[in-house]
Structure formats: structure tokens, C-alpha cells
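Undergrad: Here's my sequence, what's the structure:
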Amino acid sequence: MFRTIFSLSVFLLTYTSFAQDELGIEISENAELIKALNSAHLIGENVEHNLSVRIYKLDNGTASAGFPSSEVSDNLLVAISAFDEEPEQNLFKIGPFLNPKVISWQVDQEYEKTFVVEHGPYDKRKALRLGVNLQSMRIIE
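TA: Numbers count the residues shown, from 1 in each chain. Have a look, this model is predicted:
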């Protein structure tokens, strides 16, 4: 009896350990996602216990800034996420900017933050204040 139970236990343990689904490999056809994942750079991040905001810079291609020097303009991708088992998440896109940099953060409310993006040519930098929450992003004048 012991041998039968032991043999059955070893069989079940071995079967469950090695009988997993086969791995699959797929190629993505989503050109915008491919470009974003290959060229986005994290330039700002503010993570707290209720809300996570990450800002990525995504270039618009050579000479997109409109200058003869072939400078590149960038869009910003602002990824927002709550913390939960199934968190609410959103992604916002804003731009174009020339040489954007996140220079400050402020937590306004539990689920709302503001940040300042500095942008423009090195001798004519401007600051833009943006507000974000889980459902929206806005320019603050």
C-alpha cells in the first residue's frame, strides 16, 4: 500500500512539475508599440503608495524640430498607475518638445500630481506645468 501511494505521489509530483503549457513566441505587428519600446527613455518618475507616474521621452525622428541642424523633437509619454491587484492605468502623449527635462514634482492630492517640464533651445528654455491623475492630464496655466 505504501509503495502504491509513494509511486502515485512521485508520478503526480513529476507530472505537475513538467506538464506546463508550452512556451509561445509571437512577433508584434503594432508599429507604434515597437517604436515606443525601442526608443523611449525614462526622464522622470514619481512613485508613492497611491499613485505611480513615469515620464518617457520618445523622439519624433531626424529633423523633426524644424531646424537646419537636424535636431529632434520629442513627445512625452506619461504612464500613470494606481496600486492595486488590478490597478487602473492610463497613458497620455503630449508634444512635441525640444530637449524636454522634468525639473520638479508636487503631490497635490492623494491621486493627483503636478510636474514641471522645461523645454526649448538652450538659450530660450520655457517651463510648462502639467497636472495628472488616473483619468486625465492637463496643462496648468
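
Undergrad: Quickly find the element holding the residue nearest to residue 28 when sequence neighbours are not counted.
TA: Residue nearest to residue 28 in three dimensions, not counting chain neighbours: residue 34, with 6.0 Å by C-beta to C-beta, 6 or more residues apart in numbering. Backbone N, C-alpha and C define where each C-beta goes, glycine included. Assigned by DSSP states H and E, residue 34 belongs to helix 31-39.

Undergrad: Pull out the buried positions in that helix.
TA: residue 36 (16 or more other C-beta atoms under 10 Å).

Undergrad: Equivalent analysis for stretch 72-86, please.
TA: For stretch 72-86, by 16+ other C-beta under 10 Å, it's 72-81.

Undergrad: so who does residue 92 touch?
TA: Contacts for residue 92 were tallied using C-beta atoms under 8 Å, 6 or more residues apart in numbering; they are 77-78, 80, 132, 137.

Undergrad: now do residue 58
TA: 35-36, 39-40, 74-77, 95.

Undergrad: Below-threshold pLDDT in the chain: ranges please.
TA: 1-20, 63-70 (pLDDT under 70).

Undergrad: Just want the most central residue of it.
TA: residue 79 (4.5 Å; C-alpha atoms, centre = their mean).

Undergrad: Just to check, that one is in contact with residue 47?
TA: No. Applying C-beta atoms under 8 Å as the test, residue 79 and residue 47 come out as separate, 11.1 Å apart.
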